[in-house]
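Participant: Below are the sequence and a predicted model; questions follow.
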Amino acid sequence: MRQTLIMGNWKMNGSRAESQALAQAIVDGLEPGDQGIAVCVPFVYLSDVRSIVESTPVALGAQNVADQEKGAYTGEVSAAMLKDSGCSYALVGHSERRSYYGDSDQSVAARFCQAQKEGVTPVLCIGETLEEREQGQTFSVCDRQMEAVIEAAGIEALANSVIAYEPVWAIGTGKTATDEQAQEVHKYIRDRLAEKNQEVAENLQILYGGSMKPENAKGLLAQPDIDGGLIGGASLKAESFLGIYRSAS
Ligand code: PGA
């Protein structure tokens, strides 16, 4: 049985005070027995949020991680630093990183490996643009993005990771993939991985991301191969984030 994971991606939003207040409101909204919830916080606020979510079920994550271990890489944040700051997760290959900052498949794979080496679980984000979908390339894009990681890390490494399928055309646009569209790709991803390693594929959490909200979460999360959500906009308010979290249970 795969556990559901609802993960917020705060992106470049909020002040220190707002980050603390949001984290506190999420913690306050939890009920006994809750688990499978995480927030990916801007680097500079990781410590502030850590002190609020520590010893609660809310796991801490970063939105990126360096592709190198340490040294002269000005502006980068290493996996060891994330571990040291209390992170359990790090996003790698978010489409905004790929498209605005040139994160290539190879650099995403290197980030994935760095995170794992430090015991930070990488959340590998994959997904096609609208143009790629219209050209029938949805599956081949997901294949290419996964293959780069499998080549670098090996299929077994996916056992200690999470995949987030995020169709780029659905991110921040209000256009969600239908339940069927999302399930189709999630199933494809799992089937492809099962060809290489059945056990890894069966146990892997595959999250959906792209305009997930309390109103559409239930249908998406009810799909057999959707194991949770990576939530941007709707994770910036505790009420909507927890609304999504509740619709998973
Ligand atoms: P969104 O973002 O929920 O605002 O569409 C999701 C993401 O980019 O992770």
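Facilitator: Noted; the coordinates are in hand.

Participant: Leaving out sequence neighbours, find the closest residue to Ile6.
Facilitator: Tyr245 (4.5 Å; C-beta to C-beta, 6 or more residues apart in numbering). To be clear about C-beta, it is placed using only N, CA and C from the backbone, and glycine gets the same treatment.

Participant: thinking the one you found is in contact with Leu5, fair?
Facilitator: No: Tyr245 lies out of contact with Leu5 (C-beta atoms under 8 Å); the separation is 10.0 Å.

Participant: Quick check: neighbours shared by these two?
Facilitator: Common contact partners of Tyr245 and Leu5 (C-beta atoms under 8 Å, 6 or more residues apart in numbering): Ile37.

Participant: more neighbours, the two?
Facilitator: Counting neighbours by other C-beta atoms under 10 Å for Tyr245 and for Leu5 shows that Tyr245 has the greater number, 28 against 23.

Participant: Need the pLDDT of the more buried one.
Facilitator: pLDDT recorded at Tyr245 is 98.

Participant: residues in contact with the closest residue to the ligand within the chain?
Facilitator: Nearest residue of the chain to the ligand: Gly232, at 2.3 Å (C-beta to the nearest ligand atom). The neighbours of Gly232, taking C-beta under 8 Å, 6+ apart as the test, are Gly8, Asn9, Lys11, Ile171, Gly172, Gly209.

Participant: Contacting the ligand as well, which ones from those?
Facilitator: Asn9, Ile171, Gly172, Gly209 (C-beta under 6 Å from any ligand atom).

Participant: pLDDT check: weakest of those?
Facilitator: Gly172 (89).

Participant: Mind jotting down where the strands sit in this structure?
Facilitator: Assigned by DSSP state E, the chain shows strands spanning 5-9, 37-40, 58-62, 89-92, 121-126, 162-165, 205-209, 228-231.

Participant: Name the residues that touch whichever helix in the chain runs longest?
Facilitator: In terms of residue count, the longest helix belonging to the chain (DSSP state H) is helix 179-196. Residues from elsewhere that reach helix 179-196, judged by C-beta under 8 Å, 6+ apart: 126, 138-139, 142-143, 146, 150, 155, 158, 163, 165, 167, 177, 200-202, 204, 206, 208, 219-220, 222-226.

Participant: mind redoing it with 6 Å?
Facilitator: Contacts of helix 179-196 with the rest of the structure, by C-beta atoms under 6 Å, 6 or more residues apart in numbering, involve Phe139, Cys142, Ile155, Tyr165, Ala201, Ile206, Tyr208, Gly219, Leu220, Gln223, Asp225, Ile226.

Participant: hmm, stretch 53-66 in reach of the ligand?
Facilitator: No: using C-beta under 6 Å from any ligand atom, we find that stretch 53-66 stays clear of the ligand, coming within 9.1 Å at best.

Participant: Now do the buried residues in that stretch.
Facilitator: For stretch 53-66, a neighbour-count test (16 or more other C-beta atoms under 10 Å) marks Val53, Pro57, Val58, Ala59, Leu60, Gly61, Ala62, Gln63, Asn64, Val65, Ala66 as buried.
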